[in-house]
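Student: pasting the structure only:
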């Protein structure tokens, strides 16, 4: 089915399985971990959003045939191998590279969480918009204020997370980049320096965390309790509910 790269003696992230087709397959790993998962069409101006290079260490490639997981595969084989440090980086220690990767992994996870929230908000907005159009036909105009409140709040939170008006990277000159692009800027900065993250980078991350986490909490409140209350009222009126966002 494909190959996975995973940690050896140290805990490291699994890499998503590579696609394989019938016949001979050749897979080349670029020594990078999993990239942030962004919504389709997202514009990250002046930013790198690929996977971070994993630090030197022992890794294992696993091949499964007949199933996506080793437990279900008809045939499984694996090989361990070493990723060595660049010998030209004489002043960069293993600990420096580990710290750099740890910060990149944290930033990647935040970018993914941000875009998961964006995808969820857009799903709710699409469904709530369709529900709003059916209210008069269903004889339930009294539900309109609650639906409009969901739509307005979801749009407001989406706008705080991503600059939806950007279509190309140069649009950052015309439209202010949002919090997701700010994380991407920092991710790019840390990725571009093969060294221990600077104190300035860590302080910037603290600032971004203080801004992002309340927004993500507000998204959870909207797509959780607030949406549940709207759906309760919709069910009482025999109107199809708005499905909460599922994980991507």
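Tutor: Yep, that arrived. Values in this document were obtained by computation on a predicted structure and should not be read as measured data.
Student: the strands in this structure, which residues?
Tutor: 2-7, 57-65, 75-83 (DSSP state E).
Student: In the protein, mark out all the helices, start to finish.
Tutor: Assigned by DSSP state H, the chain shows helices spanning 94-138, 144-161, 179-191, 199-221, 227-236.
Student: where are the low-confidence patches of the chain?
Tutor: Filtered on pLDDT under 70, the chain yields the residue ranges 1-17, 67-73, 166-173, 247-248.
Student: Quick test: name the residue nearest the centre of it.
Tutor: Nearest to the geometric centre of the chain sits residue 112, at 1.4 Å (Cα atoms, centre = their mean).
Student: Could you count how many residues lie near the closest residue to that residue other than its chain neighbours?
Tutor: Leaving aside its chain neighbours, residue 112 sits nearest to residue 37 (4.5 Å; criterion: Cβ to Cβ, 6 or more residues apart in numbering). Where you see a C-beta, it was placed from the backbone N, CA and C, and this is true even at glycine. Residues lying near residue 37 (other Cβ atoms under 10 Å) number 17.
Student: Please apply the same query to residue 57.
Tutor: 18.
Student: again, but for residue 213
Tutor: Quick note: residue 213 (other Cβ under 10 Å) scores 12 neighbours.
Student: repeat for residue 224
Tutor: 11.
Student: Can you verify my assumption that it contacts residue 244?
Tutor: Yes: the pair residue 224 and residue 244 qualifies as a contact (Cβ atoms under 8 Å) at a distance of 7.3 Å.
Student: circling back: okay if I get the helices of the chain as CSV plus distance to residue 61?
Tutor: Below are the helices of the chain laid out as CSV (distance: least, Cβ to Cβ, whole Å):
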stretch, distance to residue 61
helix 94-138, 19
helix 144-161, 36
helix 179-191, 24
helix 199-221, 32
helix 227-236, 42
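Student: nearest to residue 214, of the strands of the chain?
Tutor: Residue 214 sits nearest to strand 2-7 of all the strands of the chain, at 33.2 Å, using Cβ to Cβ.
Student: need the contact list for the residue nearest to residue 112.
Tutor: Contact analysis of residue 37 by Cβ atoms under 8 Å, 6 or more residues apart in numbering lists 111-112, 115-116, 248.
Student: Which residue comes closest to residue 108 once chain neighbours are left out?
Tutor: With Cβ to Cβ, 6+ apart, the residue lying closest to residue 108 is residue 36, at 4.6 Å.
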